[in-house]
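**Q** Sharing a model that was predicted from the sequence below.
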Number of protein chains: 2
Amino acid sequence: MNAALTVNSYFNDQVKSIALDNAEGTSTVGVMAVGEYEFGTSQREYMTVVSGALTVKLPTENDWKTFSKGDLFVVEANQTFQVKVEETTAYLCRYE
Amino acid sequence: MNAALTVNSYFNDQVKSIALDNAEGTSTVGVMAVGEYEFGTSQREYMTVVSGALTVKLPTENDWKTFSKGDLFVVEANQTFQVKVEETTAYLCRYE
């Protein structure tokens, strides 16, 4: 009865995610391999670190900040942000 | 430098997961579509609900129990457990 779950791949397969829709909203859960990435947003994104850590340069901040397991950061729509990944990291990204 | 991230699919694509290895250990992060599933373990599994909810019949319990976002349950190696999923749910499964 369910459509198959959608997997997306980015940055030459260094970032992969699986989409979900539920009572919490529309999200993806994914994994980033070690590396440096720049993401662009089309909606507001609520990013939660599920396992590992992300070092992030938010568009509103001058400094890099490291977010660890359980930490949340928010990026407004139509922004770019940089991420440094020093260990393979799982995340939940909710779109609003 | 990194191998591409591995995606696994189960139950006719109703459950998909992405593998990761980091300081926390070896895990998969995945999504279960609405449905009922029976899983078997080969190692001890630490299952955390990342978004949504899982209603679980653990091998050591007589009753079903619902685990919500942030909740953890543990299944020993070489056991089977049943899961009912009423909304699409993301999980982190750490193997030990």
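**A** Alright, I've got the coordinates.

**Q** for chain A, what spans make up the strands?
**A** Under the criterion DSSP state E, chain A contains strands at A:7-10, A:15-22, A:25-32, A:35-40, A:45-51, A:53-57, A:65-68, A:72-75, A:80-85, A:89-95.

**Q** The first one - what's its average pLDDT?
**A** For strand A:7-10, the mean per-residue pLDDT is 96.

**Q** That strand: partners in the sheet, and parallel or antiparallel?
**A** strand A:15-22 (antiparallel) (DSSP bridges).

**Q** Buried residues, the strand it pairs with. List them.
**A** The neighbour-count criterion (16 or more other Cβ atoms under 10 Å in any protein chain shown) identifies A:15-20, A:22 as the buried residues of strand A:15-22. For every residue, glycine as well, the C-beta is placed using N, CA and C.

**Q** can you pull up the bridge partners for residue A:37?
**A** residue A:83.

**Q** neighbours of it, just the number please.
**A** Using other Cβ atoms under 10 Å in any protein chain shown, the number of residues around residue A:37 comes to 16.

**Q** Distance check, it against residue A:94.
**A** Distance from residue A:37 to residue A:94, counting by Cβ to Cβ, to the nearest Å: 19 Å.

**Q** try residue A:40
**A** 17 Å.

**Q** If you count surrounding residues, which of those two has more?
**A** Higher neighbour count among residue A:40 and residue A:94: residue A:94, with 20 against 10, using other Cβ under 10 Å.
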